[in-house]
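Q: have a look; sequence and predicted model below, questions after that.
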Amino acid sequence: MGYTLNFSAVWRSFDQLLWGLLLSLELAIGAILIGAVIGLVTAFGLISKSGWARRPAALYVTVIRNLPILVLILFSYFALPQMGVRLGKIESFVATLAIYSGAYLAEVFRAGLLSIPNGLKEAGLAIGLTPMQIRTSIVIPLMFRNVLPSLSSTLISLFKDTSLAAAIAVPELTFEARKINVETFRVVETWIVASCLYVATCTVLAALMRMVERRLVISR
Amino acid sequence: MAELLLRTQEIISRNFMSLEFYFLAGLLYFAINYAIERFGKYVERKVSVPS
C-alpha cells in the first residue's frame, strides 16, 4: 500500500469534530428522553386490556418499526412543510428520533412490565395504594431495573442513529467529519478519528449503564 | 447505490413532489418489512414446541 497516514489536517479541525460529537449527544439525549415518555405510555397501552388503548399503541409500534429511520427523517424535514408543519432541522430530527425511539422503547418497556409479578401489584392494592400509585411506586421502578440491560443496547443504537442527521445537514459528528473530509481530502484519517470518537462515546455510555445496573441490582 | 430511497430522491429532485414520493417510499418499505415480520411470526408458530 502506498498510502501514508497523516493526521495533522484532521487534528487542526479536531475541535469541529468535538462540537459535532457534543451536538450528537444533545440530539440523542433530547430524543431519548422524549422517546422514553412516548415509549412508557405506549407500553402501558400495549399491555392494556382495553382495545381502544391497545390498538393505536400496536399500530404506532408496527408502523414505526417497519419504516427505515432515514425515510422518517427525510419525510419530516422535506415533506411535512408541504402539509404546513415547518420545523427547524434540529427540532425535526429530535422529533423524528423521539417518535422512532418511542416505538423501540415501548417494546423494551412492555417486556419489563410483563416481567413484574402480579403478586407485587396485589400487595400494593392490599396496603391501600391506588392503581396510579402502584404504577408509579412499584411497577415503573421495578420495570426500569428489569429492562436496564436491553435499554442500554437500545440507547447506544439510538445514539449511533444520530449520525443520520447529517442527511438533513445537522452539524453533528458525521456531518463535521464529512466536511473535514471534503476540505482536507484526508478520507482515511478523518473517518478513523470519527469512528474512534463514536466507539469511545458508546463505550462510555455502556460503562455508565453497567454502573447504573450494578447500583440497582437486587442481591438474591 | 441506486436503491429505493436514492431513486425516490432522484424523482423528487425532478418533480419536487416530496410529500407524495416519500410517502410512497415509506409505504413500500412498510409493505416489505411488514411481510417479513408476518412471515417471521408464521415460522415462529410453525416451529414452536406445543406446550
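A: Perfect, thanks for sending it.
Q: what's the longest helix in chain A?
A: helix A:14-46 (DSSP state H).
Q: show me what counts as buried in the helix or strand just after that one.
A: Where DSSP states H and E defines the elements, the next helix or strand beyond helix A:14-46 is helix A:51-65. Residues of helix A:51-65 classed as buried by neighbour count (16 or more other Cβ atoms under 10 Å in any protein chain shown): A:53, A:57, A:60-61, A:64-65. C-beta coordinates here come from the backbone N, C-alpha and C atoms, glycine included.
Q: likewise stretch A:140-155?
A: Quick answer for stretch A:140-155 (16+ other Cβ under 10 Å): A:140, A:142-148, A:150-152, A:154-155.
Q: which of those fall in strands?
A: Members of these lying in strands (criterion: DSSP state E): none.
Q: ok, the residues you listed vs residue B:11, which is closest?
A: Using Cβ to Cβ, residue A:154 comes nearest to residue B:11 of those, at 33.7 Å.
Q: pretty sure that closest one contacts residue A:104?
A: Yes. Here residue A:154 reaches residue A:104: they are 5.6 Å apart, a contact under Cβ atoms under 8 Å.
Q: any low-confidence regions in chain B?
A: Applying pLDDT under 70 to chain B flags residues B:51.
Q: list the contacts for residue A:156?
A: A:202, A:205-206 (Cβ atoms under 8 Å, 6 or more residues apart in numbering or on different chains).
Q: nearest to chain B among those residues?
A: residue A:202 (25.5 Å; Cβ to the nearest Cβ).
Q: can you report how many residues lie near that closest one?
A: The number of residues packed near residue A:202 is 15, by other Cβ atoms under 10 Å in any protein chain shown.
Q: which residue is the nearest non-sequential neighbour of it?
A: Nearest non-adjacent residue to residue A:202, counting by Cβ to Cβ, 6 or more residues apart in numbering or on different chains: residue A:156, 5.1 Å away.
Q: gap between that neighbour and residue A:28?
A: 9 Å (Cβ to Cβ, to the nearest Å).
Q: assess the claim that residue A:148 and residue A:213 are in contact.
A: Yes. Using Cβ under 8 Å, residue A:148 makes contact with residue A:213 at a distance of 4.7 Å.
Q: residue A:29: neighbour count?
A: 15.
Q: pLDDT score for it?
A: Looking at residue A:29, its pLDDT reads 94.
Q: follow-up on the earlier one: which of the buried residues of helix A:51-65 are close to chain B?
A: Contacts with chain B within the buried residues of helix A:51-65, as defined by Cβ under 8 Å from any Cβ of the partner chain: residue A:65.
Q: any idea how far chain B is from residue A:211?
A: 35 Å (Cβ to the nearest Cβ, to the nearest Å).
Q: which SSE is that residue in?
A: With DSSP H and E as criterion, residue A:211 is part of helix A:187-216.
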